[in-house]
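*Asks:* here you go, sequence then predicted model.
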Amino acid sequence: MTDLSLGPGAGRFAPSPTGSLHPGTLVAALGSYLLARQAGLRWLLRIDDLDQPRVVTGAADEILRLLDLAGLHWDGTPLWQSRRGTRYAEALQQLKRDQLVYPCSCSRKDVLASAPHAGEDAPVYAGLCRARAARGSRLAWRLRVDQQVIQFRDQVFGEQVQSLADQVGDFVVMRADGVFAYQLATVVDDLDSGVTQVVRGADLLSSTPRQIYLYQCLGKNAPDYAHLPLLLSADGQKFSKRHCLPSLVHEQNLTPMLLLALQVLGQNPPAELSTAPPLRVMNWALSEFDPLKIPSASRVMPR
Ligand SMILES: [Zn+2]
């Protein structure tokens with residue numbers, strides 16, 4: 001149902017259904033929800049299930065059920081990335097037509113061996129296939145990056161600058177196994193859904209310049225960005241499947257998990273809410289949330 005009092009833009013939350021809902025993922029859900037609502041935007045939901053081998057059956061439904069119980073009500077119907085292949089292929093076609101991408105036959109080993117230095121989240125790609133016509137049936141497609149520097153202002157982390165050529169290199173938009181890269185899929189989905197505000201965990205901050213560059217290549221404007229502090233497990237790692245059950249979000253611990261998420265977001269919910277139902281916590285959050293208080297520092301999960 002579309003609320004006509006809301007503006008034309010939208011925020012969104014895009015969980016990967018690779019397991020149960022972690023408290024760190026709840027921070028991203030809550031932060032994106034509160035920032036969207038505060039800006040008078042719709043809040044959309046997308047299931048990032050492109051990486052099919054990692055998808056756990058039933059995980060998406062469970063995440064949706066918990067968000068609903070927590071009072072994080074989304075607008076419209078959730079979008080499933082696994083059903084969006086045609087649109088990603090169209091975007092790749094546009095990039096091919098504009099000669100912004102080229103096929104690449106490099107193995108992981110080739111990339112590693114030729115990397116001039118370490119990059120943002122992988123070795124920088126040296127551009128081996130730029131000048132040669134890669135052949136074969138299993139080719140990746142890489143987006144050419146030039147010398148320009150990508151600059152943007154993050155609502156939480158402030159001014160950001162990245163040279164794609166020095167810190168990333170030409171990056172993959174479609175993998176050799178035919179799976180579209182996260183960078184391309186997220187940009188195409190956000191464009192098609194009218195998303196104007198991207199709020200997500202700080203682990204994705206360094207990939208944002210690649211996405212801004214993709215918007216430019218597709219001839220579109222990038223959205224506003226806010227990256228949120230991470231909630232780390234007690235061993236200082238990002239939450240993952242190997243972390244044990246008591247630290248996961250479930251129906252019985254929604255109130256303490258929401259309160260914890262609010263604290264990670266720099267808010268200070270009153271102690272009396274610790275015995276309140278989740279919907280009362282959310283009412284408090286909707287009226288008291290102050291985005292200026294969101295810190296950039298990660299927090300470690302309290303024991
Ligand atoms: Zn190559």
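*Replies:* All right, it came through fine.
*Asks:* near the residue nearest to residue 175 when sequence neighbours are not counted, how many other residues are there?
*Replies:* Leaving aside its chain neighbours, residue 175 sits nearest to residue 140 (5.4 Å; criterion: C-beta to C-beta, 6 or more residues apart in numbering). Yep, even glycine has a C-beta here, placed from its N, CA and C like the rest. Close neighbours of residue 140, defined as other C-beta atoms under 10 Å, add up to 22.
*Asks:* can you pull the pLDDT of residue 140?
*Replies:* For residue 140, the pLDDT comes out at 96.
*Asks:* helix or strand for the residue nearest to residue 155 when sequence neighbours are not counted, which one?
*Replies:* Counting by C-beta to C-beta, 6+ apart, residue 155 lies nearest to residue 226, which is 3.6 Å off, once chain neighbours are set aside. Using DSSP states H and E, residue 226 sits in strand 224-228.
*Asks:* quick one, helices of the stretch 101-250 of the chain?
*Replies:* 108-114, 164-167, 182-193, 208-217 (DSSP state H, counting those that start in this stretch).
*Asks:* what secondary structure does the closest residue to residue 79 other than its chain neighbours sit in?
*Replies:* Leaving aside its sequence neighbours, residue 79 sits nearest to residue 46 (C-beta to C-beta, 6+ apart; 4.5 Å). The local conformation at residue 46, judged by DSSP: H, G, I helix; E, B strand; the rest coil, is strand.
*Asks:* doesn't residue 84 make contact with residue 46?
*Replies:* No: in this structure, residue 46 is not within contact of residue 84 by C-beta atoms under 8 Å, at 9.3 Å.
*Asks:* so between the two, which is more surrounded?
*Replies:* residue 46 (21 against 17).
*Asks:* the strand holding residue 226 vs helix 208-217, what angle?
*Replies:* Strand 224-228 and helix 208-217 are oriented at 160 degrees to each other (axes from the mean of the first three to the mean of the last three C-alpha atoms, to 10 degrees).
*Asks:* by contact count, what packs against strand 224-228?
*Replies:* helix 23-38, strand 149-154, strand 197-201 (3 or more C-beta pairs under 8 Å, 6 or more residues apart in numbering; DSSP states H and E).
*Asks:* chain neighbours aside, what residue packs nearest to whichever residue of the stretch 201-303 of the chain sits closest to the ion?
*Replies:* Nearest residue of the stretch 201-303 of the chain to the ion (C-beta to the ion) works out as residue 210 at 17.5 Å. Closest residue to residue 210 apart from its sequence neighbours, by C-beta to C-beta, 6+ apart: residue 183 at 5.0 Å.
*Asks:* from what I can see the one you found touches residue 212, true?
*Replies:* No: in this structure residue 183 lies outside contact range of residue 212 using C-beta under 8 Å: 10.4 Å.
*Asks:* sorry, back to before: who's in contact with the residue nearest to residue 210?
*Replies:* Remark: with contacts taken as C-beta atoms under 8 Å, 6 or more residues apart in numbering, residue 183 is in contact with 171, 173, 207, 210, 211, 214.
*Asks:* thinking again about what came up before, between the helices and strands packed on strand 224-228, which gets nearest to residue 285?
*Replies:* Nearest to residue 285, of all the helices and strands packed on strand 224-228, is helix 23-38, at 6.0 Å by C-beta to C-beta.
*Asks:* next, the angle from that closest one to strand 197-201.
*Replies:* 160 degrees.
*Asks:* for helix 23-38, name the packing helices and strands.
*Replies:* Packing contacts for helix 23-38, counted by 3+ C-beta pairs under 8 Å, 6+ apart, involve strand 10-13, strand 42-47, strand 197-201, strand 224-228, strand 231-232, helix 254-264, helix 278-288.
*Asks:* domain map for this protein?
*Replies:* The chain breaks down into these domains under automatic domain parsing: 10-83+229-300, 85-185.
*Asks:* which of these is buried the deepest?
*Replies:* domain 10-83+229-300 (a mean of 18; mean count of other C-beta atoms under 10 Å).
*Asks:* hmm, back to that, ok, and what's touching the strand holding residue 226?
*Replies:* Outside strand 224-228, the residues touching it (C-beta under 8 Å, 6+ apart) are 27-28, 31, 35, 152, 154-157, 196-202, 204-205, 208, 264-265, 291, 294, 296.
*Asks:* correct me, but residue 152 touches residue 222?
*Replies:* Yes: look at residue 152 against residue 222 with C-beta under 8 Å: they come within range, at 7.2 Å.
*Asks:* surely residue 140 is in contact with residue 176?
*Replies:* Yes: the pair residue 140 and residue 176 qualifies as a contact (C-beta under 8 Å) at a distance of 4.4 Å.
*Asks:* which residues are common contacts for the two?
*Replies:* Common neighbours of residue 140 and residue 176 (C-beta under 8 Å, 6+ apart) are 104, 105.
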